[in-house]
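[1] coordinates only, no sequence provided:
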């Protein structure tokens, strides 16, 4: 089996205002939330980079971090940076606040993104809705995103109409895991406690 030629990018942006502290560094069992995401992503990609404006909190991970090429453009700016860093390779992006995400999802995204007839974007869209921050993007997305950023429009899904899009529907996602778990992101202390419950770690809530 050949080595994967897909880049992995973990998005570290966001201010964690509703969480009250850096949610990516919240304890989740024997590691932090972002370490969980990195560990789940690693088997599916050639290497992993971080995308975000502040590298200091994440130096302990030993991963390269890239600041947004177009600052203050939210999630779309982060995806743009990840695609640019990937160059001619596809990139699987993952938000840093998905403590229950699992490797099979990333493996499937990488597989579809690197296929000979691959679409430009592979995005889960099942019972939990569109998941653009746990998706795969090819090189063709770069110009499409830049055109949208030039118009000052920051909604991620808006550029999907300009590229070849492949949606991962509910029936495909069911084979990869439980949607509620894999896409459960933590924005508040309540959601953090719920994620710990789902992981069987409720006694670890601080």
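    Nice, I can see it. Owing to the predicted nature of the structure, the values given are computational and were not obtained by experimental measurement.

[2] so who does residue 74 touch?
    Counting by CB atoms under 8 Å, 6 or more residues apart in numbering, residue 74 touches 13, 154. Glycine gets a C-beta too; all of them are placed from N, C-alpha and C.

[3] count of residues packed around residue 129?
    Look at residue 129: counted by other CB atoms under 10 Å, it has 10 neighbours.

[4] which strand or helix spans the most centrally placed residue in the chain?
    Residue closest to the average C-alpha location in the chain (CA atoms, centre = their mean): residue 94, at 1.3 Å. Using DSSP states H and E, residue 94 maps to strand 91-95.

[5] who touches that strand?
    Taking CB under 8 Å, 6+ apart as the rule, strand 91-95 contacts 6-11, 37, 40-41, 44-45, 51, 78-79, 82-83, 85, 101, 106, 109-110, 113, 133-137, 185.

[6] go with 7 Å
    Around strand 91-95, the neighbours that count as contacts under CB atoms under 7 Å, 6 or more residues apart in numbering are 6-11, 37, 41, 44-45, 79, 82-83, 101, 106, 109-110, 113, 133-137, 185.

[7] what about stretch 68-79, start to end distance?
    End-to-end span of stretch 68-79 (CA to CA, to the nearest Å): 9 Å.

[8] pretty sure residue 85 sits in a helix.
    Yes - under DSSP: H, G, I helix; E, B strand; the rest coil, residue 85 falls within a helix.

[9] what's the closest non-adjacent residue to it?
    Counting by CB to CB, 6 or more residues apart in numbering, residue 66 is the residue found nearest to residue 85 once chain neighbours are left out, at 5.4 Å.

[10] which residues in the chain form helices?
    33-41, 74-86, 103-113, 141-150, 170-174, 179-182, 189-198 (DSSP state H).

[11] okay, those helices in TSV with distance to residue 158 and mean pLDDT next?
    TSV is the format used below for the helices of the chain (distance: least, CB to CB, whole Å; pLDDT from 0 to 100):
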stretch	distance to residue 158	mean pLDDT
helix 33-41	25	98
helix 74-86	8	97
helix 103-113	20	97
helix 141-150	6	98
helix 170-174	23	96
helix 179-182	24	92
helix 189-198	26	94
